[in-house]
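Engineer: what's the 3D shape of this:
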Amino acid sequence: MAAKTKIPSRAKRLKRAANGGIELLLIQSVDHLGKQGEVVTVRRGYAMNYLLPQGLATVASEHHKRMVEKHKARLIEIQNERLAGLRQVAEQLGRQSITIEANANDEGHLYGSVGAPEIVKALKQHDLAITADQVRLKGPLKELGLYTVLIHLGQEIEGELKVWVVPTVTEAIEEKKPAKS
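Structural biologist: Numbers count the residues shown, from 1 in each chain. Take a look at the predicted model:
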């Protein structure tokens, strides 16, 4: 007698689209995929391994679609509140400037570099919770000076942050001391 392969119950319920993908209803907005409340078609692996376990999407059943339509006004209101909060953080970042001390030579070239983790650490001291993946650097900062760094807060909202890279305090003191002859 041939053994039957058991198909998981969730796999049975997933509605296939015309192109063979899986139709899902987004619970939250996902970058490069869609906004909250939209029905999207994705590959089965993306749905089963990321969107469904992370709680970002659910099965696109008629019931879920009706529920979203019913609560669409509330979802838009929540989204507007969230965007207003992000805009406020962006404005706060625009008024903010941080100073990062780094070891540098006499010409102003850093021995190392300043990257996203150092910027995040400096922002935490100012009670701003930003993650390293939100910091958009064109490359590591390798010289002393003033830089404008973009902070991606979400959904086309970006804040500009002024970052001063200065020599460490001990280097500045040593430079001011007169050389003994």
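
Engineer: rest of the way, CA atoms for contacts and neighbours
Structural biologist: OK.

Engineer: give me the number of residues near residue 111?
Structural biologist: 12 (other CA atoms under 10 Å).

Engineer: That one reaches residue 104, doesn't it?
Structural biologist: Yes. Counting by CA atoms under 8 Å, residue 111 does reach residue 104; the two are 5.4 Å apart.

Engineer: For the residue nearest to the spatial centre of the chain, which non-adjacent residue is spatially closest?
Structural biologist: Residue closest to the average C-alpha location in the chain (CA atoms, centre = their mean): residue 134, at 4.2 Å. If the residues on either side of it in the chain are set aside, residue 134 comes closest to residue 152, at 4.9 Å by CA to CA, 6 or more residues apart in numbering.

Engineer: how close does the one you found sit to residue 90?
Structural biologist: Distance of residue 152 to residue 90, computed by CA to CA, to the nearest Å: 9 Å.

Engineer: so what sits against both of those two?
Structural biologist: Listed as contacting both residue 152 and residue 90 by CA atoms under 8 Å, 6 or more residues apart in numbering are 158, 159.

Engineer: could you say which helix or strand contains residue 159?
Structural biologist: Using DSSP states H and E, residue 159 sits within strand 157-167.

Engineer: Name the strands paired with that strand and say parallel or antiparallel.
Structural biologist: strand 97-102 (parallel), strand 145-154 (antiparallel) (DSSP bridges).

Engineer: So the chain: which segments form each domain?
Structural biologist: 9-71, 85-176 (automatic domain parsing).

Engineer: JSON lines for the ones you listed, including distance to residue 79 and mean pLDDT?
Structural biologist: Converted to JSON lines, the domains of the chain look like this (distance: least, CA to CA, whole Å; pLDDT from 0 to 100):
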{"stretch": "domain 9-71", "distance to residue 79": "9", "mean pLDDT": "81"}
{"stretch": "domain 85-176", "distance to residue 79": "10", "mean pLDDT": "86"}
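
Engineer: Dump those to CSV, plus distance to residue 77.
Structural biologist: Converted to CSV, the domains of the chain look like this (distance: least, CA to CA, whole Å):
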stretch, distance to residue 77
domain 9-71, 10
domain 85-176, 12
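
Engineer: Quickly list what's touching both of residue 111 and residue 104.
Structural biologist: With CA under 8 Å, 6+ apart as the test, residue 111 and residue 104 reach no residue in common.

Engineer: roughly how far apart are the residue nearest to residue 134 and residue 31?
Structural biologist: For residue 152, the distance to residue 31 equals 12 Å [CA to CA].

Engineer: Compare these two and say which one has the larger neighbour count.
Structural biologist: The residue with more neighbours, out of residue 152 and residue 31, is residue 152; 19 against 9, by other CA under 10 Å.
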